[in-house]
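Trainee: here are the coordinates; sequence isn't available:
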């Protein structure tokens, strides 16, 4: 059996944020250990995740990186939306679930410093779902 692991968020990231996710992540990480004796190979999608598998006792381990297919981006952008950002300003885009472990707060702090010290004609675009950040 080969296992390909994309990570289960440590439950402590969701303490005080979403009790359902705390339980699900705890259970998922606990259940992952049941596969240690059954796997012939455990692959993480990053070196970080490979090390996590190794720490759990999986052996041998390796890295199988995600190779995304970007062909869906080979289209003309939506005109009205694109025109709204097609100016001489620098756009910085951050995409991720709006949940504490994605560290939107750090992105905002970074952007504030960047804009203040280097480029006042810049804008930050935060894109992501809020599902899960308030218990839903």
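Mentor: Sure thing, it's come through. None of these values were measured; they are calculated from a predicted model.
Trainee: What is the burial count for residue 61?
Mentor: Applying the criterion other CB atoms under 10 Å, we find 21 residues in the vicinity of residue 61. In this view, the C-beta of every residue, glycine as well, is placed from N, C-alpha and C.
Trainee: Give the rounded mean pLDDT of stretch 75-94.
Mentor: Summarised as a single mean, pLDDT over stretch 75-94 is 90.
Trainee: Distance from stretch 16-28 to the middle of the chain?
Mentor: 17 Å (CA atoms, centre = their mean, to the nearest Å).
Trainee: Please point out which parts of that stretch sit buried.
Mentor: For stretch 16-28, burial by neighbour count (16 or more other CB atoms under 10 Å) applies to 18, 21-22, 25.
Trainee: So residue 13: helix, strand or coil?
Mentor: Remark: residue 13 carries the secondary structure label helix [criterion: DSSP: H, G, I helix; E, B strand; the rest coil].
Trainee: now the residue lying closest to it once chain neighbours are set aside: how far from residue 15?
Mentor: In space, residue 13 comes closest to residue 101 once its chain neighbours are excluded; the distance is 3.8 Å by CB to CB, 6 or more residues apart in numbering. When distances are taken as CB to CB, to the nearest Å, residue 101 and residue 15 turn out to be 11 Å apart.
Trainee: Could you dump the buried residues of stretch 16-28 into a markdown table and include secondary structure, distance to residue 9 and pLDDT?
Mentor: As requested, the buried residues of stretch 16-28 are arranged in a markdown table below (DSSP: H, G, I helix; E, B strand; the rest coil; distance: CB to CB, whole Å; pLDDT from 0 to 100):
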| residue | secondary structure | distance to residue 9 | pLDDT |
| --- | --- | --- | --- |
| 18 | coil | 11 | 87 |
| 21 | helix | 8 | 89 |
| 22 | helix | 10 | 93 |
| 25 | helix | 5 | 94 |
